[in-house]
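K.L.:
dropping a prediction and its sequence here:
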Amino acid sequence: MEESRLSALPWPGVWPGRALVLPLPAEGMAAPFGDACGIDGVRLKRKSEFHVTVLDQAMCRYAAEGIGEARLRALYESLSWSPRRTGRYALLHKTKPADSGTLDCWSIIEYLDLPAMHAFRGELARLLGPAFADPVPHVTHYVRGDPNGIGVPDTRALGAVWVRDVAT
């Protein structure tokens, strides 16, 4: 896949109990693996909805309480939010607790080039603490187990769930 830049993403707003996510247009999210993908003996299904999670629920709540929604929005709008697809994919795995024991979760993500996310989270880390540092801009294309994916808020979390890079 050739690298491609997506359209600029406007401020999505923040709501109590929600993460700060940027919806990505499905028509711009073609992937080289088809509707389903078999990798390392695991069959994953293609997602129909695509987004970049800028702040998970806890981070979003803390940031809104810490600097206020108006300042959070001003910081967001001071940056150019135009993600560039890289065509670089990774296989992730995590076991999550479930009602019946555990849930074996798999995802294939594509790394995105999104300098605004690094700048945004870097400024929040400066203002509110290191929990906001080191984001991993990405979009989840395929899942198994949890339809919402695995959750990768930062490079430390990525290291804990990364299985391997996936060639196209």
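P.N.:
Okay, I see it.

K.L.:
next SSE downstream of the lengthiest strand in the chain?
P.N.:
Ranked by residue count, the top strand of the chain under DSSP state E comes out as strand 84-98. Beyond strand 84-98 in the direction of the C-terminus, DSSP states H and E gives the next helix or strand as strand 101-113.

K.L.:
strand partners (parallel or antiparallel) of that next one?
P.N.:
strand 84-98 (antiparallel), strand 138-144 (antiparallel) (DSSP bridges).

K.L.:
picking that back up, now the longest strand of the chain - C-alpha only, PDB.
P.N.:
Output of strand 84-98 as PDB, limited to C-alpha atoms (Å, rounded to 0.1, in the frame of the first residue of the first chain):
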ATOM      1  CA  ARG A  84      -0.900   9.800   7.100                       C
ATOM      2  CA  ARG A  85      -1.300   6.100   6.500                       C
ATOM      3  CA  THR A  86       2.100   4.300   6.600                       C
ATOM      4  CA  GLY A  87       1.200   0.800   5.300                       C
ATOM      5  CA  ARG A  88       3.100  -0.700   8.300                       C
ATOM      6  CA  TYR A  89       1.000  -3.200  10.300                       C
ATOM      7  CA  ALA A  90       1.500  -5.100  13.500                       C
ATOM      8  CA  LEU A  91      -0.200  -8.100  15.100                       C
ATOM      9  CA  LEU A  92      -1.200  -7.600  18.800                       C
ATOM     10  CA  HIS A  93      -2.400 -10.100  21.400                       C
ATOM     11  CA  LYS A  94      -3.900  -9.700  24.900                       C
ATOM     12  CA  THR A  95      -5.800 -11.800  27.200                       C
ATOM     13  CA  LYS A  96      -8.600  -9.800  28.900                       C
ATOM     14  CA  PRO A  97     -10.800 -10.800  31.900                       C
ATOM     15  CA  ALA A  98     -14.300 -11.900  30.900                       C
END
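
K.L.:
pLDDT on it, on average?
P.N.:
Strand 84-98 carries an average pLDDT of 95.

K.L.:
OK, contacts around residue 77?
P.N.:
By Cβ atoms under 8 Å, 6 or more residues apart in numbering, the contact set of residue 77 is residue 11. Yep, even glycine has a C-beta here, placed from its N, CA and C like the rest.

K.L.:
torsion angles phi and psi at it?
P.N.:
phi -70, psi -10 (degrees, to the nearest 10).
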